[in-house]
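> Please work out how this folds:
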Amino acid sequence: MDMLINGLSWVLLMAGCFFIVTGAVGLLRLPDVYSRLHASGLTDTLGAGLFLGGLMIQGGLSLVTAKLILILIFILFTSPTATYALANALYGGGVRPVGRDRQPSETIDKRDESSKP
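I've put the predicted structure just below:
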């Protein structure tokens, strides 16, 4: 049983490390700030969640596990909120995604004009 717990713990730890490293590579390789923000948001939530899950299994039923659960809940609430707030502030500040020549409102206006007889 102890070997099963250790194995599952290591699988979660390695999966968390994989997503954290993948997110770090995404931060370096992706073209614009929105793509990088997406990579870092997934890294925070998924990578840290898996890593903390592995630590919780390794810790057993103890005060350490309770603290790790609180940290995980904090991350799950704050990471998506911070990512949304940062993306919204960037868009409001005039930073546009790469490859977007028009505003969404311009596209809607052109469709409405072309459909009129």
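
> Could you tell me how many residues sit around Phe18?
Neighbour count of Phe18, defined by other Cβ atoms under 10 Å: 13. (C-beta placed from N, C-alpha, C; glycine too.)

> how close does it sit to Thr83?
Applying Cβ to Cβ, to the nearest Å, the value for Phe18 to Thr83 is 20 Å.

> ok, now Met3?
For Met3 relative to Thr83 (Cβ to Cβ), the value is 38 Å.

> higher neighbour count, the two?
Thr83 (17 against 7).

> host element of that one?
helix 63-92 (DSSP states H and E).

> Okay, buried residues for that helix please.
Residues Thr65, Leu68, Leu72, Ser79, Thr83, Ala87, Leu90 are the ones in helix 63-92 that count as buried (16 or more other Cβ atoms under 10 Å).

> could you list every residue that touches the third one?
Going back to what we said before, that points to Leu72. Residues near Leu72 by Cβ atoms under 8 Å, 6 or more residues apart in numbering: Ala48, Gly49, Leu52, Gly53, Met56.

> at 6 Å instead, please
Leu52 (Cβ atoms under 6 Å, 6 or more residues apart in numbering).

> Please apply the same query to the fifth one.
With Cβ under 6 Å, 6+ apart as the criterion, the residues that contact Thr83 are Gly41.

> repeat that for 8 Å
So Thr83 contacts Leu37, His38, Ser40, Gly41, Asp44 (Cβ under 8 Å, 6+ apart).

> cool, the last one as well?
By Cβ under 8 Å, 6+ apart, Leu90 lies in contact with Val33, Tyr34, Leu37.

> Which of these are buried, as a PyMOL select command?
To isolate the buried ones among these in PyMOL, judged by 16+ other Cβ under 10 Å, type:
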select buried, resi 34+37
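
> among the contacts of Leu90, which are in helices?
Among the contacts of Leu90, DSSP state H puts Val33, Tyr34, Leu37 in helices.

> closest to Met14 among these?
Nearest to Met14 among the ones in helices among the contacts of Leu90, counting by Cβ to Cβ, is Leu37 at 25.5 Å.
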